[in-house]
Each structure stands twice: as C-alpha cells, then as structure tokens.
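S.K.: Give me the fold of what follows.
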Amino acid sequence: MADVTAAMVKDLRAATDAPMMDCKKALTECDGDMEKAKEFLRDRGMAQTAKKADRVASEGLLGLKVSDTFTSASLVEINSETDFVAKNDGFIALVGNTAAHVFTTGVSTVEELNETSYETGTFSEYFTSQVARIGEKIVTRRFVTLNAGENGCVNGYVHTNGRVGVLVAITCDSQKTADALAPMVRNIAMHASAMKPTTMSYNDFDPAFVEAETIGRIEAIKTENEELARLKKTVKNVPQYISMSQLTPEVMAEAEEAIKAKLLADGKPEKIWANIIPGQLARFVADNTTLDKELALLDQNYVMDDSLTVAQALTKEAAAHGGTASIVEFVKYEVGEGLEKKVDNFAEEVAAQMA
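M.R.: Prediction:
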C-alpha cells in the first residue's frame with residue numbers, strides 16, 4: 001500500500017475542499033491514487049446528500065443572469081438548511097454558476113438541468129460535489145427564464161440580501177424603444193422586489209377573493225378608527241370598495257351624483273363643479289382601490305414617483321423615447337416562500353441523544 005503523505009492530503013483537500021481526515025481516508029482507501037480518491041469523496045458526498053434528504057432546506061439565495069442584449073434572463077433559487085451556509089463563499093459561487101448554466105442551457109426543469117453536461121461530467125455531479133464541500137443539504141428548488149419577444153426587453157433585479165428577486169418582460173412599438181427602456185425595466189423589477197405584488201393587474205383577481213378581502217379590510221379600518229378616535233387622532237376614510245374591479249359604471253355614476261349632492265349642500269356654484277368633480281372622483285377611486293395598490297403590479301404607486309402608477313410611469317418613460325411599452329410578464333421569487341421552516345427544540349434534541 002502506498003504511503004499517504006501530508007502533501008498528498010493537502011493537494012486532495014485543495015482540489016475538493018473535503019475535511020482533512022476525509023482526504024486522508026480517501027487516499028488510504030484508494031492506495032494513494034489521487035483521481036480515485038476524488039471519486040471516492042464524490043461518492044461519499046452522494047451518500048451524505050442522501051442522508052440529508054429528510055432535512056428542510058428553507059434558507060438560501062437567488063441567482064440572476066441577464067443577457068447583455070436584455071433579450072433573456074434567468075432567475076434561480078438554491079436552498080440551504082441555514083442562513084449561515086447561505087453566506088458561504090462556496091455557496092454563493094454555486095448559486096451564481098447554477099444561474100449562469102440555466103441561462104446558457106435554456107433548460108426548464110431541475111431534472112433536465114441535472115442531466116446537462118458541466119465541466120467534465122454532468123451538472124448533477126458538479127452540484128453534488130459542491131454539496132459535499134459545503135456540508136449540509138442544498139437543493140435547486142426552482143428557476144425560470146424569460147425571453148423577450150419581437151421588440152421586447154427583459155431585465156431583472158435581486159435585492160442585496162439575495163432573498164427577493166424579480167424578472168420583468170415588456171413589449172414595445174420598436175426595438176429602439178425596448179433597448180432604451182432596459183434601465184426602466186430593471187427599476188420596475190426593483191420596485192416589485194420591494195412592494196411584492198402578487199399579480200399583474202386588478203383584472204387578475206378572483207371575484208370571490210375580492211369579496212372576502214373587502215369585508216375583512218373594511219372591518220380592520222373600522223377597528224383601527226376606534227383606536228384613533230380614542231387617541232383623538234384623525235380617523236381614516238372607510239371605503240365601500242377595495243378594487244377597481246368593483247367600480248362599475250353604475251358605481252362611478254352613483255359616486256358622481258353623491259359628489260354633486262355634497263357640492264350643492266355646501267353651496268358651491270354649479271359653474272365651478274366641472275373643476276371640482278374630476279379631482280373628487282379621482283380621490284374616490286384612490287380610496288376604493290387599496291387592494292389593487294397593494295397586490296397588483298400595474299396599479300401600484302411607483303416607488304420612484306408615487307404620483308404615478310407603475311403602468312403610468314412606464315408609459316411616460318416610453319413616450320419620452322418616442323414610443324409605447326407595456327409589461328407582458330413578471331416573476332417574483334422569495335427564498336423559502338411556501339416552505340415549512342424547521343424549528344429546533346434544543347432540549348428535546350439533547351434528551352433524544354441521551355435516551
């Protein structure tokens with residue numbers, strides 16, 4: 001059996017990042033053969049990965065890759081068990097490499113991704129070797145690639161904490177307009193990462209959802225107003241509605257009649273009503289579309305100019321470049337959303353080990 005020297009162990013550790021004692025064992029088992037030792041560690045990593053399969057990986061990071069021409073972009077979520085590992089340089093590199101590979105290959109499922117060629121083997125082999133180095137359960141949870149159509153543009157943004165990311169795709173009247181709007185599209189993605197819309201427009205809401213939300217939100221405002229009144233503070237206006245989807249022509253006509261009645265009661269000259277009513281109606285719409293402004297991207301107040309909605313801001317920017325534009329798709333990821341996080345009970349863990 002070949003002697004395993006400290007230099008050999010050091011070289012194997014540098015090549016694999018595996019623990020020192022594991023490197024020594026691998027070289028001993030493989031009679032000093034460096035390549036076989038690497039394979040031994042890789043296989044051992046697979047076994048470790050299998051043992052970790054029942055653990056919950058709900059931490060992690062998002063990776064983003066956008067083409068230089070803004071014609072396509074990929075967003076990837078890689079999960080780890082702990083936030084500590086998510087800050088590991090090796091994990092950060094793994095996320096970046098995965099996003100770049102998804103972008104390059106154009107795959108649409110994790111299964112397809114794992115079977116693609118990567119370096120000297122498959123992507124699955126590369127990923128498993130990185131998991132073995134890092135030392136806890138890590139999974140590619142999901143990814144998406146958006147491609148711009150004709151006269152389109154795609155851009156994205158991942159927040160500095162790496163936990164919230166958005167892709168946005170637009171279509172324009174010309175490719176010239178699309179190219180000019182690439183920075184604006186990134187800003188809209190940044191807006192969405194902060195404001196967290198769940199849908200594109202109020203038109204996408206299910207009527208049953210709107211009805212249920214209306215009851216709950218109005219009652220919440222009434223309860224809040226009771227406290228504000230107790231503190232002798234200004235109470236909030238209690239709306240009748242919460243979404244533009246509820247503001248039918250009949251509702252708007254009734255609102256206008258109510259405004260006219262109030263103007264008449266206040267003794268306002270009828271000749272100036274035309275100057276007052278549009279503003280009053282705009283206020284009525286604003287007060288009665290709170291759900292849209294919270295959850296619908298196009299209807300939210302744009303964070304960089306809250307006098308405009310996102311849709312209005314995009315229209316304004318496109319017009320400044322002599323064209324038109326509209327958002328056709330957006331995707332928002334938040335790390336761990338929808339996953340049940342494991343809550344450790346230290347006392348129970350100690351008791352289990354001593355049993």
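
S.K.: what's the neighbour count on residue 277?
M.R.: Neighbourhood size, residue 277 [other CB atoms under 10 Å]: 15. Placement of C-beta: from N, CA and C, glycine included.

S.K.: could you point out where this protein is predicted with low confidence?
M.R.: 1, 16-19, 42-57, 340-355 (pLDDT under 70).

S.K.: And it, what are its domain boundaries?
M.R.: 6-51, 59-195 (automatic domain parsing).

S.K.: how about the strands in the protein?
M.R.: 59-66, 72-80, 117-118, 121-122, 138-147, 152-158, 164-172, 301-302, 305-309, 325-334 (DSSP state E).

S.K.: For these, could you give me CSV that also reports distance to residue 241 and mean neighbour count?
M.R.: Listed next are the strands of the chain as CSV, based on distance: least, CB to CB, whole Å; neighbours: other CB atoms under 10 Å:
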stretch, distance to residue 241, mean neighbour count
strand 59-66, 36, 24
strand 72-80, 35, 25
strand 117-118, 53, 14
strand 121-122, 55, 14
strand 138-147, 33, 19
strand 152-158, 32, 25
strand 164-172, 28, 24
strand 301-302, 18, 18
strand 305-309, 17, 13
strand 325-334, 25, 18
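
S.K.: Tell me which of the ones you listed lies nearest to residue 93.
M.R.: Closest to residue 93 of those is strand 59-66 (CB to CB; 10.1 Å).

S.K.: Please export the C-alpha coordinates of that closest one as PDB.
M.R.: Backbone C-alpha positions of strand 59-66 (Å, rounded to 0.1, in the frame of the first residue of the first chain) are rendered in PDB as follows:
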ATOM      1  CA  GLU A  59     -32.900  29.300   3.600                       C
ATOM      2  CA  GLY A  60     -30.600  30.100   0.600                       C
ATOM      3  CA  LEU A  61     -30.100  32.700  -2.100                       C
ATOM      4  CA  LEU A  62     -31.400  33.700  -5.500                       C
ATOM      5  CA  GLY A  63     -29.100  33.900  -8.600                       C
ATOM      6  CA  LEU A  64     -29.700  36.100 -11.600                       C
ATOM      7  CA  LYS A  65     -28.300  36.100 -15.100                       C
ATOM      8  CA  VAL A  66     -29.300  38.700 -17.700                       C
END
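
S.K.: now for that strand, which elements pack on it?
M.R.: Here strand 59-66 touches strand 72-80, helix 83-86, helix 89-105, strand 152-158, strand 164-172, going by 3 or more CB pairs under 8 Å, 6 or more residues apart in numbering; DSSP states H and E.

S.K.: Other residues contacting the longest helix seen in the chain?
M.R.: Using DSSP state H, we find that the single longest helix of the chain is helix 207-230. If you take CB atoms under 8 Å, 6 or more residues apart in numbering as the criterion, helix 207-230 is touched by 234, 235, 236, 238, 239, 241, 242, 243, 245, 246, 290, 291.

S.K.: redo that, cut-off 6 Å
M.R.: Outside helix 207-230, the residues that touch it by CB atoms under 6 Å, 6 or more residues apart in numbering are 235, 236, 238, 242, 243, 245, 291.

S.K.: Hmm, residue 242 and the last one touching each other?
M.R.: If I follow you right, that is residue 291. Yes. Residue 291 lies in contact with residue 242 (CB atoms under 6 Å); the separation is 4.1 Å.

S.K.: what sits against the nearest residue to residue 245 once chain neighbours are set aside?
M.R.: Counting by CB to CB, 6 or more residues apart in numbering, the nearest residue to residue 245 once its immediate chain neighbours are dropped is residue 202, at 5.0 Å. Counting by CB under 6 Å, 6+ apart, residue 202 touches 243, 244, 245, 292, 296, 299.
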